[in-house]
Every structure is written in structure tokens, then in C-alpha cells.
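Trainee: Build me a structure from this.
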Amino acid sequence: MTVSPSNLRAAHTPRIAISGATGRVGAQLINSLISDPVKLLALTRTPAKTRFPSGVDVASIDFDQPDTLPQALDGVDTMFLAHGTSDRQVDNEIALIDAAVVAGVTHIVKLSAMGPATPLNPFAWHMRIEAHLAIQPVASTVLRPTAFADVLKRAGAQVANGTWGGSAGNGAVNFIDTRDVAQAARVALLEEVSTRSQRAYHLTGPRAWTMQDIAAELTRLLQRPVAYHQRSATEHRAMLIREGASALMADLLSGMDLMYHESALSEITLTVEQMTGQSPRDLSDWLIENISLFR
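Mentor: Next up, the predicted model:
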């Protein structure tokens, strides 16, 4: 596969639309593209509440009026497709795919998720969206990262008060830094692709970690004992509800723990380094940068 960022369009200045522009990957992606020879368009549902870097155009999108979406994508060559986790994710992403086809977008780069065939969400949602994208008359690239390191931010207060735990057992997880996903997305968006190209990249960090490994690393960094308390899946979901999580979020987080328990997200690939020319960041570096969350 050819994934060098030097393989870019030359004669035409591409117009790239970023959906999920205020999300963790979308915001990083805009910052990484700002100095490239492209025109950037941020798609957002709340344009009046959001500030983007100078030179970034902004278009308002309304998923309750899908007929208006193609107008927002007028003149766009390539679209980055991402959406915050919600029960409307499938409908909204499919609506944007359909709008992109109508508007003449030639390449869609979708942020998906790595994982096996499963009824668990959000993995099942991404499978449905990918299946729809696969049959459209447009070039597509799917990015399938493992678990985001940022998900560990939810454990910050629990680590601080000694209640951190879950139903992950001794399963291993390969966490990836959001910045590495954004850098890979940048390359995918700038890459020259054929008219009906279909690609998928599996993005991972450099190694897999058990929760016990993470506890040991936090123990070293905080210089005090940190433990991960094992719970059953039922106990873990009930605790999430007691802590204020919605039923939907509790189901999502419980499902993630099931994936962790089965080591379903422990794969290690060289794709990030091959795409970006840089080794992916290690989780220990992320923990050091965010250690204040766990104090």
C-alpha cells in the first residue's frame, strides 16, 4: 500500500470537509491540516458556539433536515466522516454519506472502530455505516482505531479515590492516542486515490496493556498504590448507573469492558508508523501528560 503524505493532489487545491469538527479527532485533524495546501470546511451543528482556526470555513448542518445537507457539501472534494457516540449515529452518518454522494464528493474517509463482528455498540453501529458506505459510488477509506487512550479519563476520579475497577478481567487492550489517529486521518485525506478505491487501515498503539499493567504504571507515576477492582459485568453496569451514567452510556462502557476482557482490541499493527512516518505514542506517555487527572 502507498500511504506516503507526499502522494498528494497537485493541480487542484482540494476542499476538505470535516464532520465531527469539534470532536476529539476532528479538532486535532483540523489543526494538523491547517498548514497543508487545502481548503478546510468545518461541519458543525452549532457554528455560533464554536471557534476554528483562521482560514477554516464553517458550514451549519441540521440532521433533522437531511435535504439541506448536500448544499453544505457543495464544492467539497473529500469528506472526513465522524460523529459523537449517540443513538442517532447510524442515521446521521448515513445521511452525510448520502449527501456527499449527491454533492459530488469523490472520497470519504470514515472514522470507524476496530473490533470483531458483534452486536455490541458502538461497534455494531460502525459496521452498519461501513456496509452502507461500501456500496456507494464514491472512493472510501475506513480508519479503524483500537480503544482511544482518552477513555481512561473517566477513571481519573476513581483512581484518585481508590474505587477504580470494572469487568475487564485480565484482558489486554491496545490503546491509541487521539493525535496519532488524527495524523493518520490527515494522510488518508491527502492521499491520491482512484475513483472507486476502497481501503481500510487498522490503527493501534505500540503495545497492549492489561488493567493491571495500567494500575502498576499509575502506581509508579503517583508513587502510591493503585489497584483495579474486578467486578462482574452486572455489578459494573449497576455501578455506572449509580455514578450517573445514562442507560445507553452504561451499556456502551460495559460492552467495551467485555471487549477488553476478551482481548478483542489487543491487536498490534505498524500502520500508524507506515502512514505517518512516526511511531505511535505509548500509553505511558499519555498517562504522564494526563497524570493530574488521577491525583
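
Trainee: okay, CA-based contacts and neighbour counts for the rest of this
Mentor: Will do.

Trainee: Tell me where the stretch 151-295 of the chain has strands.
Mentor: In the stretch 151-295 of the chain, the strands defined using DSSP state E, counting those that start in this stretch lie at 165-166, 172-173, 198-203, 209-210, 229-230.

Trainee: Now do the first one: which elements does it pack against?
Mentor: When contacts are defined as 3 or more C-alpha pairs under 8 Å, 6 or more residues apart in numbering; DSSP states H and E, strand 165-166 sits against strand 229-230.

Trainee: Repeat the analysis, applying 10 Å as the threshold.
Mentor: strand 229-230, helix 233-242, helix 247-261 (3 or more C-alpha pairs under 10 Å, 6 or more residues apart in numbering; DSSP states H and E).

Trainee: Partner strands of that strand and their direction?
Mentor: Using DSSP bridges, the strands paired with strand 165-166 are strand 229-230 (parallel).

Trainee: coming back round to it: switch the strands of the stretch 151-295 of the chain over to CSV; also include mean neighbour count.
Mentor: CSV is the format used below for the strands of the stretch 151-295 of the chain (neighbours: other C-alpha atoms under 10 Å):
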stretch, mean neighbour count
strand 165-166, 21
strand 172-173, 25
strand 198-203, 19
strand 209-210, 18
strand 229-230, 16
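
Trainee: for those, which one sits closest to Leu33?
Mentor: strand 198-203 (19.1 Å; C-alpha to C-alpha).

Trainee: other SSEs contacting that closest one?
Mentor: Using 3+ C-alpha pairs under 10 Å, 6+ apart: strand 198-203 touches strand 107-111, helix 123-134, strand 139-145, helix 178-190, helix 271-276.

Trainee: Give the rounded mean pLDDT of the shortest one.
Mentor: Same thing as strand 107-111. On average, the pLDDT along strand 107-111 is 98.

Trainee: Starting from that strand, tell me which strands it pairs with and how they run.
Mentor: By DSSP bridges, strand 107-111 pairs with strand 78-81 (parallel), strand 139-145 (parallel).

Trainee: Show me which of those strands has the highest average neighbour count.
Mentor: strand 78-81 (a mean of 24; mean count of other C-alpha atoms under 10 Å).
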